[in-house]
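1. Just a sequence and a predicted model for now, questions to come.
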Amino acid sequence: MGRKLRQLQLLVKKNFILLWQRKQSVLFEILLTFVMLLAFSFLKQISIFQVKETCIKSPEMLSPNPSYYTDDFLITKLWTKNIVAFSPATNSLVKQIAEKVGEMPVFTGNMFNISVVHLTKDNYIQKLADFEKDYVNRQGYIVTFPDTETFRNYIETSADKFKAAVEFEGDENNITYSMRFAKSEAKHWGNWNTERLYLRTAEIDRLSQGAYFETGFQLFQRAIDSAILLIKGVQYNPAVALRDIPQPATKQDAFVDIIFPSVLPFAILIGSFLITSSFVADVIEEKCTKMREIQRMMGLSDRIMWLSWIIQRSSLILICAAINTIGLKAFGYTPSSDGTVIFVFFLLFYSAHNAFIFFAGSFQRNLKAAPALMGFATFISYLPYLVAGNSVRTLARAPKMLMSLLPLSGISVWMVSLSDWERIRHGLQWDNIGTTISSIDDFMVSDILVVFTVDILLFGVLTWYVENVFPGEFGIPEKPFFFLTKAYWVGSKPQVQFAKENGEVEKIDPEYHEEVTMKLKPGIEVKNLNKQFE
């Protein structure tokens, strides 16, 4: 054990000597991200931001027959398609609801005629095709599908043919329904915004009825509710009021919204590329100059060599994580967040990124091509986030975690989450990294910690496997399933062969031969070697 510790000590010293020989470039690489954070902090000083306190709006009444539901509205907005689908017709209450809704004059005005048709399995395809052609005649249809399965199958493939699709569940005493409008119905509003619980900055000062009101979504909803009440004999037409979900206190800061999700990950990308590419170049140079094989011939194990590199990298990782954390806190990027949380995230990120670069470098055999390979690997690590762009916030938990398996994309996703927590002035704390920021988002910041830990283990194991099976030109490759053999883990007993001695061994001249010590066990011992000439 003492001998191995001595070997490790010498190798670590060698690695730090190599690092010291290019101390200026290493210092530049370490401080680059910090300098970029400093530069961006000047932009922060001139950034325009607005603090929005908690906003609870007053209700706005929805009239059962709004004055602007004119004939023009019926044609251009409400009846953009002339078929509304209900399901299933096996429920007699559904048929009654369809009949009642079709009788309500608010849908027709003087411009549209509405017919209620109960489809069957034998005729629904042909009838729907015929009904669609009647749009030019200002003829609308409320149709009921024979069963839920037929309804769902047809809607999945032909959703663009319907103004709305309504599916009922339950019995006459307890019935519920879900209503869906096509995405194209909200094209004038950009989107239905169902992926967001709260509004964007520009939308906060007005009621967000949006597409739900203008397309007639709420009108259809009210008509179905009224039809159910009439069928149940309830002679009551309740008033309907609309009110937005209360807005939490937020800090609308263009700097936080733009710099965090885009520029800061790019700054980390540049700094990571420089510091990891130079490191991989050192590892590849050790291969290409046969230094690694020479060390093996001297009795060094691969485990000792890799451990020495890991120790060197760990020291740099600690420094980089600390400097980046100081930069984010000192320059006011994350005033609400706990610095230790940020430090741990950076620590795991740099560890995962180095494991990924270790893995990419294990395939490289050409020293001159190393920088190009590292640039490509770094770009691949950032590519998923680059492709996702501004839609990262709308992604579900699984796609975000899958994207984060590549470390640079993972730290970018984390930056987006960090900016969201800073926006609501909570920041990242140890007690909220395991919670979601809203009820419609199931992604937790702690997921990134889990993924980075998986990265470290995954890429570490893959690097170990590739280095053993494909060691390069000068190494001795192991079999593909070497890790399943006992000899790899516990070693094998050396075979000792003795040659016959034909006399005494000549006295060794210490000037030309290394003296054999009693502490070392010789691997090969040659005695009485002769060369004959004929």
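-> Done, it's in.

2. what's the burial count for K23?
-> When neighbours are counted by other CB atoms under 10 Å, K23 registers 9. No exception for glycine: its C-beta is placed from N, CA and C like everyone else's.

3. roughly how far apart are it and A355?
-> Separation of K23 from A355 (CB to CB, to the nearest Å): 25 Å.

4. got it, and L402?
-> 18 Å.

5. Specify which residue of the two has the higher count of neighbours.
-> Counted by other CB under 10 Å, L402 and A355 do not tie: A355 has more neighbours, with 23 against 13.

6. what about the nearest residue to that one once chain neighbours are set aside, which helix or strand?
-> Distances taken as CB to CB, 6 or more residues apart in numbering place F459 nearest to A355, at 3.8 Å, with adjacent residues excluded. For F459, the host element (DSSP states H and E) is helix 446-469.

7. so for that helix, what's the average pLDDT?
-> The pLDDT scores in helix 446-469 average 90.

8. and it, what other elements does it pack with?
-> Identification of packing neighbours for helix 446-469 by 3 or more CB pairs under 8 Å, 6 or more residues apart in numbering; DSSP states H and E yields helix 302-330, helix 339-361, helix 397-403, helix 407-423.

9. just these: most buried one?
-> Of the helices and strands packed on helix 446-469, the one with the most neighbours on average (mean count of other CB atoms under 10 Å) is helix 407-423, at a mean of 24.

10. Which stretches in the protein count as strands?
-> Counting by DSSP state E, the chain has strands at residues 49-52, 60-62, 83-87, 113-118, 139-144, 164-171, 174-181, 240-242, 250-253.

11. May I see those organised as CSV, with mean pLDDT added?
-> Formatted as CSV, those follow (pLDDT from 0 to 100):
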stretch, mean pLDDT
strand 49-52, 53
strand 60-62, 61
strand 83-87, 89
strand 113-118, 86
strand 139-144, 87
strand 164-171, 88
strand 174-181, 87
strand 240-242, 68
strand 250-253, 60
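
12. Make JSON lines out of those strands and add distance to W430.
-> Listed next are the strands of the chain as JSON lines, based on distance: least, CB to CB, whole Å:
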{"stretch": "strand 49-52", "distance to W430": "26"}
{"stretch": "strand 60-62", "distance to W430": "42"}
{"stretch": "strand 83-87", "distance to W430": "49"}
{"stretch": "strand 113-118", "distance to W430": "59"}
{"stretch": "strand 139-144", "distance to W430": "55"}
{"stretch": "strand 164-171", "distance to W430": "43"}
{"stretch": "strand 174-181", "distance to W430": "39"}
{"stretch": "strand 240-242", "distance to W430": "40"}
{"stretch": "strand 250-253", "distance to W430": "22"}
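
13. Single out the most deeply packed of the ones you listed.
-> strand 83-87 (a mean of 25).

14. contact partners of it?
-> Residues from elsewhere that reach strand 83-87 (CB atoms under 8 Å, 6 or more residues apart in numbering): 94, 97-98, 101, 128, 131-132, 140-145, 147-148, 150-152, 155, 161-168, 220.

15. check contacts around N15.
-> 282, 308-309, 311-312.

16. What does the pLDDT read for it?
-> Value for N15, per-residue pLDDT: 78.

17. so how far is F359 from it?
-> N15 is 19 Å from F359, by CB to CB.

18. Check N324 too.
-> To F359, N324 is 23 Å away according to CB to CB.

19. what does K161 give?
-> Going from K161 to F359 by CB to CB gives 50 Å.

20. now swap in V526 and tell me
-> V526 sits 42 Å away from F359, going by CB to CB.

21. now I437
-> Counting by CB to CB, the gap from I437 to F359 is 32 Å.

22. In CSV, list the helices and strands packed on helix 446-469 along with mean pLDDT and distance to M36.
-> Shown next, in CSV, are the helices and strands packed on helix 446-469 (pLDDT from 0 to 100; distance: least, CB to CB, whole Å):
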stretch, mean pLDDT, distance to M36
helix 302-330, 83, 9
helix 339-361, 88, 15
helix 397-403, 90, 23
helix 407-423, 86, 14
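
23. Please identify which of those helices is closest to V490.
-> Among those, the nearest to V490 by CB to CB is helix 302-330 (13.5 Å).

24. which helices and strands does the closest one pack with?
-> Judged by 3+ CB pairs under 8 Å, 6+ apart, helix 302-330 is in contact with helix 2-21, helix 23-45, helix 264-288, helix 291-297, helix 339-361, helix 446-469.

25. rewinding a little: kindly calculate the angle that the helix holding F459 makes with helix 302-330.
-> Between helix 446-469 and helix 302-330, the angle comes out at 150 degrees (axes from the mean of the first three to the mean of the last three CA atoms, to 10 degrees).

26. for helix 446-469, which positions count as buried?
-> By 16 or more other CB atoms under 10 Å, the buried positions in helix 446-469 come out as 447-449, 451-452, 455-456, 458-460, 463-465, 467-468.

27. Nearest to Y382 among the helices and strands packed on helix 446-469 would be which one?
-> Evaluated with CB to CB, those place helix 407-423 nearest to Y382, the distance being 4.2 Å.

28. export that closest one as PDB, just CAs?
-> Taking C-alpha atoms only, helix 407-423 is exported to PDB below (Å, rounded to 0.1, in the frame of the first residue of the first chain):
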ATOM      1  CA  PRO A 407     -24.000  18.300 -19.100                       C
ATOM      2  CA  LEU A 408     -24.000  21.600 -20.900                       C
ATOM      3  CA  SER A 409     -27.700  21.200 -21.800                       C
ATOM      4  CA  GLY A 410     -28.300  20.200 -18.200                       C
ATOM      5  CA  ILE A 411     -26.700  23.400 -16.800                       C
ATOM      6  CA  SER A 412     -28.600  25.500 -19.300                       C
ATOM      7  CA  VAL A 413     -31.900  23.900 -18.100                       C
ATOM      8  CA  TRP A 414     -30.800  24.600 -14.600                       C
ATOM      9  CA  MET A 415     -30.100  28.200 -15.500                       C
ATOM     10  CA  VAL A 416     -33.700  28.600 -16.800                       C
ATOM     11  CA  SER A 417     -35.100  27.200 -13.600                       C
ATOM     12  CA  LEU A 418     -32.800  29.400 -11.500                       C
ATOM     13  CA  SER A 419     -34.000  32.500 -13.300                       C
ATOM     14  CA  ASP A 420     -37.700  31.400 -12.800                       C
ATOM     15  CA  TRP A 421     -37.100  31.000  -9.000                       C
ATOM     16  CA  GLU A 422     -35.300  34.400  -8.900                       C
ATOM     17  CA  ARG A 423     -38.200  36.000 -10.800                       C
END
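
29. Taking helix 446-469 as reference, get the angle to it.
-> Following the same axes, to 10 degrees, one obtains 170 degrees for the angle between helix 407-423 and helix 446-469.

30. now the angle between helix 339-361 and helix 407-423, please.
-> 160 degrees.

31. From the contact counts, what lies against helix 407-423?
-> When contacts are defined as 3+ CB pairs under 8 Å, 6+ apart, helix 407-423 sits against strand 250-253, helix 254-258, helix 264-288, helix 339-361, helix 370-388, helix 397-403, helix 446-469.

32. What angle do helix 407-423 and the fifth one make with each other?
-> Pointing back at helix 370-388 there. Using the same axes, to 10 degrees: helix 370-388 against helix 407-423 is 40 degrees.

33. and helix 370-388, average pLDDT?
-> Helix 370-388 comes out at a mean pLDDT of 81.

34. What residues sit buried inside it?
-> Neighbour-count burial for helix 370-388, with 16+ other CB under 10 Å as criterion, is recorded at 370, 373-374, 377-378, 381-382, 384-385, 388.

35. what's the closest of these to N432?
-> Y385 (23.0 Å).

36. List the contacts of the closest one.
-> Y385 makes contact with 265, 392, 403, 408-409, 412-413 under the criterion CB under 8 Å, 6+ apart.

37. For the nearest residue to D338 once chain neighbours are set aside, grab phi and psi.
-> Nearest residue to D338 in three dimensions, chain neighbours excluded: Q429, at 5.0 Å (CB to CB, 6+ apart). Phi and psi for Q429, reported as degrees, to the nearest 10, are phi -130, psi 160.
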